[in-house]
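Trainee: Generate a structure from the sequence data that follows.
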Amino acid sequence: MRPCIFIQACLAATVASFISTHAFADEPGAPAPAASDGPPAVTVTLRASDAGTRLERRTQTQTYGGLPFKDASLFGVATWEPACAAPCGTKLDPRFAYRVAGEGFVPSDAFALPLGSPRLGVDAKMGSSVERMGGIALTGAGAAGLLLGSAALVATPILDSHEVGSQSFRTGVFAGGAIVAGAGAIALVSGLMLWFHSDTTYRVEAQASSVSASRPHMTVTGLVF
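Mentor: A predicted model of the protein is given here:
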């Protein structure tokens, strides 16, 4: 009976580890530490191509593991909170990770604020989440059409060699396969272009002073005066 009890205990531990979650905050404790406890706060100015864009701070990352080892996580889910809404300027803690996001926009990758400059500018060109989902759907449909049409083209010589169906039937299979494959290729390329074009891009650059920051300069969103 002891081996059975031992095996049952191991299985229970594995299942518990799979369904358990571990939350890791970017900074320990609920309140943000004072600026004197770490690097000084950085003044960040956010400029974006669309209204409704905001700068978000990552507060914690929740990881999910599937093995009975603390460092064997499968994936993680981050929790974000708004820091400011564009156009805006605010002081931020450089020990946190940030991203640019907004309702109806594709979030940017997480990024850290570079140290060494008291003022930073974040320029963001937002991508539409509707375009992103449309690009993904069009890419999938195009890939399926290209695969189906190619299968019909490959099957046509086999049908001819075995004289399956009439000649008009085999001709129709070949013509239909060519049309579906061509349409699928066009949809696949269009979907990929729409998918990657809808990505959100950003640039973080140092600003020497408020005077130099107010001078005309080029950003990812265009010329700023």
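Trainee: Any stretches of the chain with poor pLDDT?
Mentor: 1-37, 65-75, 209-225 (pLDDT under 70).
Trainee: Longest helix in it, please.
Mentor: What stands out as the longest helix in the chain, according to DSSP state H, is helix 129-161.
Trainee: Who are the packing partners of that one?
Mentor: Helices and strands touching helix 129-161, as assessed by 3 or more CB pairs under 8 Å, 6 or more residues apart in numbering; DSSP states H and E, comprise helix 167-197. All C-beta atoms are positioned from the backbone trio N, CA, C, and that covers glycine.
Trainee: Pull up the pairing partners for the following helix or strand past the helix it packs on, direction included.
Mentor: Heading C-terminal from helix 167-197, the first helix or strand you meet, by DSSP states H and E, is strand 201-206. With DSSP bridges as the test, strand 201-206 is paired with strand 119-125 (antiparallel).
Trainee: for the partner strand, the distance to its chain's centre please.
Mentor: The chain centre lies 19 Å from the centre of strand 119-125; the measure is CA atoms, centre = their mean, to the nearest Å.
Trainee: can you list the domain ranges for the protein.
Mentor: As assigned by automatic domain parsing, the chain contains the domains 39-127+199-224, 130-196.
Trainee: need the ones you listed in a markdown table with mean neighbour count, can you?
Mentor: Converted to a markdown table, the domains of the chain look like this (neighbours: other CB atoms under 10 Å):
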| stretch | mean neighbour count |
| --- | --- |
| domain 39-127+199-224 | 16 |
| domain 130-196 | 15 |
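Trainee: relative to helix 167-197, how tilted is the longest helix of the chain?
Mentor: 160 degrees (axes from the mean of the first three to the mean of the last three CA atoms, to 10 degrees).
Trainee: How far off centre is helix 129-161?
Mentor: The answer for helix 129-161 is 25 Å, by CA atoms, centre = their mean.
Trainee: begin at 7 from here
Mentor: Sure thing, new numbering starts at 7, so read that last one as helix 135-167.
Trainee: For the closest residue to Ala193 other than its chain neighbours, give its distance to Gly155.
Mentor: Once flanking residues are discounted, Ala193 sits nearest to Gly148: 3.1 Å by CB to CB, 6 or more residues apart in numbering. Distance, Gly148 to Gly155, using CB to CB, to the nearest Å: 10 Å.
Trainee: Repeat that for Ala130.
Mentor: Taking CB to CB, one finds Ala130 at 40 Å from Gly155.
Trainee: re the thing from before, identify the contacts common to Gly148 and Gly155.
Mentor: Counting by CB atoms under 8 Å, 6 or more residues apart in numbering, the contacts common to Gly148 and Gly155 are 189-190.
Trainee: who does the helix or strand in which Leu52 is found pair up with?
Mentor: Assigned by DSSP H and E, Leu52 belongs to strand 48-54. Strand 48-54 has the following strand partners under DSSP bridges: strand 94-98 (antiparallel), strand 125-131 (parallel).
Trainee: The ones you listed: which one's closest to Glu109?
Mentor: Minimum separation from Glu109 across these (CB to CB) falls at strand 125-131, 14.5 Å.
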